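Asker: Just need the structure, nothing else, for what follows:
(2 chains)
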2 protein chains.
Amino acid sequence: MRKKRIKPDITEIREYQTKTSGLFFVVDGILFRKQSEFQLIEVVENRDYGKILFLDGLVQTTERDEYFYHEMLVHPAFGAHPGPKDVLIIGGGDGGTLREVLRHPVERAVLVEIDPDVIEAAKKYFEWLGPALDDNRAELIVADGIRFAADTDRTFDLVFVDSSEPIGPSSVLHTPEFYLSLRERLNPDGIISSQIGSPFFHAAAIDREHRFLRDIFRIVRLYTGPVPTYPGGTWSYVFLSDTRAPLPALHPPPAGLKYFNPAVHEACFRLNDTEEVKS
Amino acid sequence: MRKKRIKPDITEIREYQTKTSGLFFVVDGILFRKQSEFQLIEVVENRDYGKILFLDGLVQTTERDEYFYHEMLVHPAFGAHPGPKDVLIIGGGDGGTLREVLRHPVERAVLVEIDPDVIEAAKKYFEWLGPALDDNRAELIVADGIRFAADTDRTFDLVFVDSSEPIGPSSVLHTPEFYLSLRERLNPDGIISSQIGSPFFHAAAIDREHRFLRDIFRIVRLYTGPVPTYPGGTWSYVFLSDTRAPLPALHPPPAGLKYFNPAVHEACFRLNDTEEVKS
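Answerer: Below is the predicted model:
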């Protein structure tokens, strides 16, 4: 297949945190741009961050800093589970979460992504997705994650919700109904980890989500980590289980990580943990 | 005095993290703009962050998120010292560091700022500076911090280096010579805390600084915290002492803080602490 490079017709993409402030990226080239059935997909090149995937104008993944997000989403739950074999990923078509999951000795990692065009774009432009999908433990299902969770009778040890932000189209992934149906898919000792937005910009949404999650799961622990290209530079995640606490970790993280380590595992849960300190 | 509001002649200010990416702020009004003897000083209004102080185009302080930086610079050292009475602040003309210092029962807080125009601008536009300077424990000295440290024979329990970034004009505050002279100004049990830049954008400078600091002080501990409007959204600080370790904290932080708490005190040192974990 001949490689075609689309000539840039924009010089800059901005990620608006609000209408009046945000991040900007000077565009060296537009590699991919398509309005899919679900969203506007863009892959652009920037000198600082390499290839950047935008969905509806929001940064999802950059080559240079994606490891913060993907490592923080995946490895705390692995550290807390005695021996996870079956893993489900909802969303995450860029493949970073799948890549991190496959660092562990799992038997099966099921990636449920709604938008086949995201898979196509990511396969072409992010070097890690192809090899991850070729791993014989990986299974790609192109489907609506909500419907998959409601319809399947498969169960999992770990579930990762790798959605877009808790505003706009992905807001259905931030409802009690979705988490109730995910909880049904958990094996005993199961754990769910989700990204739940910026503690600075989405505090009200996080607060709302935190409240309803506490009605569903016995153990609900917020944690945070840096992501330079996400609004505010710090991102929030939530660890959910009925039986497993995130600390102390049962295993060290796998080798080869760039950010996550045992000290981060301990520290990341404390930054939002005023309750524990008060009690 | 009649209040004069300068008509905006710009619609946006950008903080370039590099030439090809960074933050932007839509400007509702320019409140202050002056090329001082040392730097271009601008105070602008933005809908999200309120009043923002820029020095040479770099965000120093915004009304909405300054507490992250000032609390993280000041309170870890206070928690680690048995009973600090005399405090020195180098730089920090916007007054946030002084305000945080004065939350503690100190006897004297000396603010040494090189640029009187920064003091003037901050006094007018940031509500906390006037009251802090009016506190009878506060002493303002308009002078070069390097010269002050070299010439004075006063000594201090805590020293805070509230400089601009470790690149450009403030680079003289990031040298072994400066820290050797500050060390001479410490009482027994003395502690210095400094900001030392973005772990993401200034990693090489931080690494260099960390190395020479370890030749000067027995205890050198990096720590980090979020600052949404600083490049990359995460900032690094360093805790320096010959006798005092940052943990365990000897006192709880003062009441009324917005970010710092005992859990943050414990966690913030761990995120950079791979050495401790390895050993």
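Asker: Can you report how many residues lie near A:Gly225?
Answerer: Around A:Gly225 there are 22 other residues, counting by other CB atoms under 10 Å in any protein chain shown. C-beta here means a position set from N, CA and C on the backbone, and glycine is covered the same way.
Asker: Wasn't it part of a strand?
Answerer: Yes: A:Gly225: assigned to a strand according to DSSP: H, G, I helix; E, B strand; the rest coil.
Asker: Surely it and A:Gly233 touch.
Answerer: No: using CB atoms under 8 Å, A:Gly225 makes no contact with A:Gly233, being 10.2 Å away.
Asker: Which of the helices or strands spans the nearest residue to A:Glu184 once chain neighbours are set aside?
Answerer: Spatial nearest neighbour of A:Glu184, chain neighbours left out: A:Ala149 (7.9 Å); criterion: CB to CB, 6 or more residues apart in numbering or on different chains. Here A:Ala149 sits within helix A:145-151, counting by DSSP states H and E.
Asker: got it, and A:Gly190?
Answerer: strand A:186-197.
Asker: Next, report how far that strand is displaced from the centre of its chain.
Answerer: 12 Å (CA atoms, centre = their mean, to the nearest Å).
Asker: residues from the stretch 51-200 of chain A in reach of chain B?
Answerer: A:Asp65, A:Pro199, A:Phe200 (CB under 8 Å from any CB of the partner chain).
Asker: what's in contact with stretch A:140-158?
Answerer: Stretch A:140-158 is contacted from outside by A:77-78, A:81, A:83-88, A:90-91, A:101, A:110-116, A:119, A:133, A:161, A:163, A:172-173, A:178, A:181-182, A:184-187, A:189-193, using CB atoms under 8 Å, 6 or more residues apart in numbering or on different chains.
Asker: ends of that stretch, how far apart?
Answerer: 16 Å (CA to CA, to the nearest Å).
Asker: Going by neighbour count, list what's buried in that stretch.
Answerer: For stretch A:140-158, burial by neighbour count (16 or more other CB atoms under 10 Å in any protein chain shown) applies to A:Leu140, A:Asp144, A:Gly145, A:Ile146, A:Phe148, A:Ala149, A:Thr152, A:Phe156, A:Asp157, A:Leu158.
Asker: so A:Arg33 makes contact with A:Phe54?
Answerer: No: if you go by CB under 8 Å, A:Arg33 and A:Phe54 don't touch, sitting 9.3 Å apart.
Asker: need the helices for chain A, in chain order.
Answerer: Taking DSSP state H, the helices of chain A run over residues A:66-80, A:96-101, A:116-125, A:129-134, A:145-151, A:176-184, A:203-216, A:262-268, A:274-278.
Asker: which of these has the lowest average pLDDT?
Answerer: For these, the weakest mean pLDDT is recorded on helix A:274-278, namely a mean of 38.
Asker: Can you report how many residues neighbour A:Pro131?
Answerer: Neighbour count of A:Pro131, defined by other CB under 10 Å: 13.
Asker: Check A:Asp65 too.
Answerer: Per other CB under 10 Å, the neighbour tally for A:Asp65 reads 23.
Asker: got it, and the one 3 residues further on?
Answerer: Around A:Phe68 sit 23 other residues, with neighbours defined as other CB under 10 Å.
Asker: quick one, what contacts it?
Answerer: A:Gly225, A:Pro226, A:Val227, A:Pro228, A:Trp235, A:Tyr259.
Asker: ok, the third one touching A:Gly233?
Answerer: Going back to what we said before, that points to A:Val227. Yes: if you go by CB under 8 Å, A:Val227 and A:Gly233 touch, sitting 6.9 Å apart.
Asker: Overlap of the contact sets of these two?
Answerer: Common neighbours of A:Val227 and A:Gly233, counting by CB under 8 Å, 6+ apart, are B:Gly233.
Asker: Pull up the gap between the residue nearest to A:Glu184 and A:Leu140, please.
Answerer: 16 Å (CB to CB, to the nearest Å).
Asker: Over to A:Ala255?
Answerer: Counting by CB to CB, the gap from A:Ala255 to A:Leu140 is 26 Å.
Asker: now swap in A:Ile13 and tell me
Answerer: 28 Å.
Asker: repeat for A:Leu102
Answerer: 13 Å.
Asker: How about A:Thr229?
Answerer: Taking CB to CB, one finds A:Thr229 at 26 Å from A:Leu140.
Asker: how does chain A divide up, domain by domain?
Answerer: A:12-62, A:66-278 (automatic domain parsing).
Asker: Between the two ends of stretch A:123-133, what distance do you get?
Answerer: Using CA to CA, the two ends of stretch A:123-133 sit 9 Å apart.
Asker: what comes up buried for that stretch?
Answerer: Buried-residue list, stretch A:123-133, by 16+ other CB under 10 Å: A:Lys123, A:Lys124, A:Tyr125, A:Phe126, A:Trp128, A:Leu129, A:Ala132, A:Leu133.
Asker: hang on, isn't the second one packed against A:Lys34?
Answerer: Spelled out, it's A:Lys124. No: A:Lys124 is beyond contact range of A:Lys34, at 11.5 Å (criterion: CB under 8 Å).
Asker: Which residue comes closest to the residue of the stretch 51-200 of chain A found nearest chain B once chain neighbours are left out?
Answerer: Taking CB to the nearest CB, chain B has its nearest neighbour within the stretch 51-200 of chain A at A:Phe200, 5.2 Å off. Take A:Phe200 and drop its neighbours on the chain: the residue closest to it by CB to CB, 6+ apart is A:Gly232, 3.9 Å away.
Asker: Same check on A:Gly233?
Answerer: B:Gly233 (0.9 Å).
Asker: residue contacts, the one you found?
Answerer: Contacts of B:Gly233 by CB under 8 Å, 6+ apart are A:Pro226, A:Val227, A:Pro228, A:Tyr230, A:Gly232, A:Gly233, A:Thr234, B:Pro226, B:Val227.
Asker: cutoff 7 Å now
Answerer: Applying CB atoms under 7 Å, 6 or more residues apart in numbering or on different chains to B:Gly233 gives the contacts A:Pro226, A:Pro228, A:Gly232, A:Gly233, A:Thr234, B:Pro226, B:Val227.
Asker: A:Leu250: which of those is nearest?
Answerer: Comparing the contacts of B:Gly233 against A:Leu250 with CB to CB places A:Pro226 closest, at 25.0 Å.
Asker: Please report how far the spatially closest residue to A:Val118 that is not a sequence neighbour lies from A:Thr234.
Answerer: Nearest residue to A:Val118, sequence neighbours excluded (CB to CB, 6+ apart): A:Gly93, at 3.7 Å. Distance of A:Gly93 to A:Thr234, given as CB to CB: 24 Å.
Asker: show me the contacts for A:Val110.
Answerer: Here A:Val110 is in contact with A:Leu88, A:Ile89, A:Glu139, A:Ile141 (criterion: CB under 7 Å, 6+ apart).
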